[in-house]
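**Student:** Build the 3D model from these lines:
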Amino acid sequence: MDDAITANPIRVMVVDDHPMLRDGVVGSIRRQPDMVVAAEAGDGAAAIAAIAAARPNVVLMDLQMPGIDGVEAIQTISKQHPEIRILVLTTYVGDAKALRALKAGANGYLLKSAMRTDLIDAIRAVHGGGHHIPPEVATQIAVHAIGEPLTEREIEILSLVATGNPNKQIAWKLAISEDTVKAHLKRTFAKLGVADRTHAVTVAAKRGIIEL
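**Tutor:** Presented below is the predicted three-dimensional model:
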């Protein structure tokens, strides 16, 4: 390894609420002569609080965490420290989650299933000014890019459908008419290319539009 690179190692912050996964990532980073672990955090709030003192070059950010989630943490860190590169670590292939993270300021998106083979190269890529997006995620983004996205209200209603609420209960909870609920669901089905509630929930969860 080049001495110049080793003398200025890539400072990496690891943010994930699963200690065992964090330990594995930290171990992989510490085995690299051109990287050091700048800090660890178990949630978005802890990451934001520690970022100034840790001075990382790259933040590895989980998306789903308690309290401040990954997307919100990415937005805050990107705004306060635009020089920091952010690589998302996630189990979600879905295009909606990937787009939210990338729009929030992430520079790469790495599936946890690929960490063993791709983690170190992905860190170096985003640190060097590039991006890292797995082909399967890029394909999902491209396939759905031309489609009309669900509105916030449609997502809200579909999330209530996913938790087992009938139309009448959804209408009551949102203070709208049952006919309005049905109209929203009809548009949602059309946008997702499905014919029923169960399939709509399945497709939306797979794409990361809603969480089950």
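
**Student:** where does Ile86 land in three-state SS?
**Tutor:** Look at Ile86: counting by DSSP: H, G, I helix; E, B strand; the rest coil, its state is strand.

**Student:** same thing with Ile68?
**Tutor:** State at Ile68, reduced to three classes by three-state DSSP: coil.

**Student:** Burial check on it, number of neighbours?
**Tutor:** Neighbourhood size, Ile68 [other Cβ atoms under 10 Å]: 16. C-beta here means a position set from N, CA and C on the backbone, and glycine is covered the same way.

**Student:** what about the strands in this structure?
**Tutor:** Listed in chain order, the strands of the chain (DSSP state E) span 10-15, 35-41, 58-62, 85-90, 108-111.

**Student:** need the longest helix for the chain.
**Tutor:** Of all segments of type helix in the chain, defined using DSSP state H, the longest is helix 178-192.

**Student:** thinking again about what came up before, out of the strands of the chain, nearest to Ala98?
**Tutor:** Nearest to Ala98, of all the strands of the chain, is strand 108-111, at 5.2 Å by Cβ to Cβ.

**Student:** In terms of secondary structure, what does the closest one contact?
**Tutor:** Judged by 3 or more Cβ pairs under 8 Å, 6 or more residues apart in numbering; DSSP states H and E, the packing partners of strand 108-111 are strand 85-90, helix 95-104, helix 115-127, helix 135-145.

**Student:** Restricting to C-alpha, output the last one in PDB.
**Tutor:** Same thing as helix 135-145. Extracted C-alpha coordinates of helix 135-145, given in PDB (Å, rounded to 0.1, in the frame of the first residue of the first chain):
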ATOM      1  CA  PRO A 135     -27.100  -3.100 -10.600                       C
ATOM      2  CA  GLU A 136     -30.300  -4.600  -9.100                       C
ATOM      3  CA  VAL A 137     -31.100  -1.300  -7.300                       C
ATOM      4  CA  ALA A 138     -30.200   0.800 -10.400                       C
ATOM      5  CA  THR A 139     -32.500  -1.400 -12.500                       C
ATOM      6  CA  GLN A 140     -35.400  -0.900 -10.100                       C
ATOM      7  CA  ILE A 141     -34.900   2.800 -10.100                       C
ATOM      8  CA  ALA A 142     -34.800   2.900 -13.900                       C
ATOM      9  CA  VAL A 143     -37.800   0.700 -14.300                       C
ATOM     10  CA  HIS A 144     -40.000   2.800 -12.100                       C
ATOM     11  CA  ALA A 145     -38.500   6.300 -12.900                       C
END
